[in-house]
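Student: need coordinates for the below:
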Amino acid sequence: MLLRDGAQAFPAMLDAIGDAERQVLLEMYWIDSDQTGRRFATALADAAARGVQVALLYDSLGSWEAESSMFVELERAGVAVVEFNPLAPWKKRFRLARLTRRNHRKILVVDSRVGFTGGVNLADPWLPLDEGGQGWRDDVIRVEGPCVSGLIDGFCHSWLREGGRKLVRLKGAECLDGAAQNVRVLGENYSRHRREIMQAYLYNIYRAKKRIWITNSYFLPDRMVVRALRRAARRGVDVRVLLPGVSDVEIVRHATRAMWGSLLRSGVRIYEWMPSILHAKSAVIDGRWSTTGTFNLDYRSIRANLEVNVAVLDEGFAEVMEASFLKDLDQSREVDAQSHAFRSLGDRLLEWIFYGLRRFL
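Tutor: Sure, this is the predicted structure:
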């Protein structure tokens, strides 16, 4: 099931935690101590009070603004808490050589039965405007059945590597629908599967015959992806890329524009989402293969960060993804190739400076 934005994702995730009977596993890049973060912290503490085994793994850099007292309170409530790659030199697991390796995943698994992943972090920017948030545009996928084990494997691998205590491994839910066999978790193991998500993108882009529709919040792909998209457009595939019109990391937005020219000249259509910040990382190809998760088409996702995506080979789900993409296009503006070609020299200079720094963004 596709969940759009925090408006749909947060209630579904909180309901799942509230219904937990045996175990809650939460792996999160950014969990804040704001209204949203506190709501989830309360739900986790309540689950632990019911006797549910609750484990939280959060990234030190992603969650650096969160109050440390929130995590202390969670531990006192019975939640097992582990910080991924601490930034503070005085902490036991601090390693200078590992500081640039971040856990960018967002995973929630409840009772080995239901799992969630996507771009949504547990922080107020994902709340709707009428609830005091910023209405960030994002995608989350909710899955059930055997595929949930892939999310569990990814969590446990990171958890144990970071010193978390061994967790009970519950028997997962049985497959109730043959279509569930077409759901795969990509990137569950850091060392062996790190490039799995990128390979899946390339495999499907090169075999596309009709449509390649991509939504990506930090779009700085390497030459292999750019080449694959250009070749697809040249052979008549409808290639569209939806990017942020306004970004929370404006440097990345400038760097992204440095590669627009070659894509536009090849026939790739580029759109900018205008209503709010776009943070989704999704794609749908040929109305059959879809993916969403935490993976950005940039250097850090490809070579440094821990990431996870769910890929679905199903026409019904692809139809939902395409409808969502087209809905977003209605609130986006298409980049005009001629206007882009005649942009100012100052803009070009900024773009190429930041593009040259893309490995650090």
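Student: now do the helix or strand harbouring Gly37, average pLDDT.
Tutor: Counting by DSSP states H and E, the element that carries Gly37 is helix 35-49. When pLDDT is averaged over helix 35-49, the result is 98.
Student: next: stretch 120-137.
Tutor: The predicted model gives stretch 120-137 an average pLDDT of 96.
Student: now the end-to-end length of it.
Tutor: With C-alpha to C-alpha, to the nearest Å as the measure, stretch 120-137 spans 9 Å from end to end.
Student: for that stretch, list every residue counted as buried.
Tutor: Neighbour counts over stretch 120-137 (16 or more other C-beta atoms under 10 Å) mark 120-127, 133, 135-137 as buried. All C-beta atoms are positioned from the backbone trio N, CA, C, and that covers glycine.
Student: likewise stretch 326-344?
Tutor: 328-329, 332, 335, 337.
Student: so where's the stretch 251-361 of the chain shaky on pLDDT?
Tutor: Filtered on pLDDT under 70, the stretch 251-361 of the chain yields the residue ranges 360-361.
Student: sorry, back to before: closest one of the buried residues of stretch 326-344 to Ala9?
Tutor: Asp328 (16.0 Å; C-beta to C-beta).
Student: return the residues in contact with that closest one.
Tutor: Asp328 makes contacts with 137, 215, 242, 273, as judged by C-beta atoms under 8 Å, 6 or more residues apart in numbering.
Student: farthest pair in these?
Tutor: Arg137 and Leu242 (9.5 Å).
Student: so what's in contact with these two at the same time?
Tutor: Joint contacts of Arg137 and Leu242 (C-beta under 8 Å, 6+ apart) are 273, 278, 328.
Student: quick check: domain ranges of this protein?
Tutor: Domain segmentation of the chain under automatic domain parsing yields 2-176, 190-360.
Student: out of those domains, which comes closest to Asn182?
Tutor: domain 190-360 (4.0 Å).
Student: which residues of the stretch 151-300 of the chain fall in helices?
Tutor: 190-193, 196-206, 223-234, 250-257, 260-265, 299-303 (DSSP state H, counting those that start in this stretch).
Student: now these in a markdown table, with mean neighbour count and distance to Val284?
Tutor: Listed next are those as a markdown table, based on neighbours: other C-beta atoms under 10 Å; distance: least, C-beta to C-beta, whole Å:
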| stretch | mean neighbour count | distance to Val284 |
| --- | --- | --- |
| helix 190-193 | 13 | 22 |
| helix 196-206 | 19 | 10 |
| helix 223-234 | 18 | 14 |
| helix 250-257 | 20 | 21 |
| helix 260-265 | 17 | 18 |
| helix 299-303 | 19 | 19 |
